[in-house]
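A.B. asks: can you look at this prediction? I've put the sequence above it.
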Amino acid sequence: DAEITQSPRHKITETGRQVTLACHQTWNHNNMFWYRQDLGHGLRLIHYSYGVQDTNKGEVSDGYSVSRSNTEDLPLTLESAASSQTSVYFCASSPGLSIDTQYFGPGTRLTVL
Amino acid sequence: SQELEQSPQSLIVQEGKNLTINCTSSKTLYGLYWYKQKYGEGLIFLMMLQKGGEEKSHEKITAKLDEKKQQSSLHITASQPSHAGIYLCGAYSGGSNYKLTFGKGTLLTVNP
């Protein structure tokens, strides 16, 4: 069955380290999104992509980067992890042909010490 | 930018009771999504509403879209412990923009 996966599911890192969170979908969806979820803030969009080689900044993109080299993957990189980036990160994808449903991965819980 | 306000923020009900969660948008709604999230897990898609007055049901959950009020409601009939979780609404702002804006969620607890 087609699906969207994230890895790792849990990660503990230290301030200043570079961290990459993986997102892989097998639906062949054009659109992919990265969100962070924090108490009191809900889900906030970090970066998104509408296709290969396309990336765009969301509302909380500072300190994060993404690259889209193929349809299936959109890795999220924290260039120099900060304690403020401790959060739960969700990846999502949608077909992108019209207004349609976004399907979410299981999430990655990241702790920056 | 579009903002979605959900009410209530949290809700505790006795098993078997009915309940309603509301989602109000600051702008015109072009597509309204309801998701459910269990603690520590991803979001599960429940329903999507696009047209004013549209109503959809899935098992004991019914969602309606009031276009004029820029509001959607999610109603659960005869709640069960399996309904417990966080309910989030998400909406598109229109055009060729595929981004969703989300409300902060409603935490539902169902006591047996």
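C.D. replies: Now that the structure is in, tell me what you want to look at.
A.B. asks: for chain B, what's its nearest residue on chain A.
C.D. replies: When scored by CB to the nearest CB, chain A has A:G42 as its residue closest to chain B, at 3.7 Å. Heads up, the C-betas are built off the backbone N, CA and C, glycines and all.
A.B. asks: I figured that residue hits B:K104, correct?
C.D. replies: Yes: counting by CB atoms under 8 Å, B:K104 is a contact partner of A:G42 at 3.7 Å.
A.B. asks: now list whatever residues contact both of these two.
C.D. replies: B:L88 (CB atoms under 8 Å, 6 or more residues apart in numbering or on different chains).
A.B. asks: how many neighbours does the residue of chain A closest to chain B have?
C.D. replies: A:G42 has 19 neighbouring residues, counting by other CB atoms under 10 Å in any protein chain shown.
A.B. asks: quickly note the distance from it to A:G96.
C.D. replies: Distance from A:G42 to A:G96, counting by CB to CB, to the nearest Å: 23 Å.
A.B. asks: what of B:S82?
C.D. replies: Distance of B:S82 to A:G96, computed by CB to CB: 33 Å.
A.B. asks: counting neighbours, what do you get for A:L78?
C.D. replies: A count of nearby residues for A:L78, using other CB under 10 Å, gives 21.
A.B. asks: which residues does it bridge with?
C.D. replies: Under DSSP bridges, the beta-bridge partners of A:L78 are A:V19, A:Y64.
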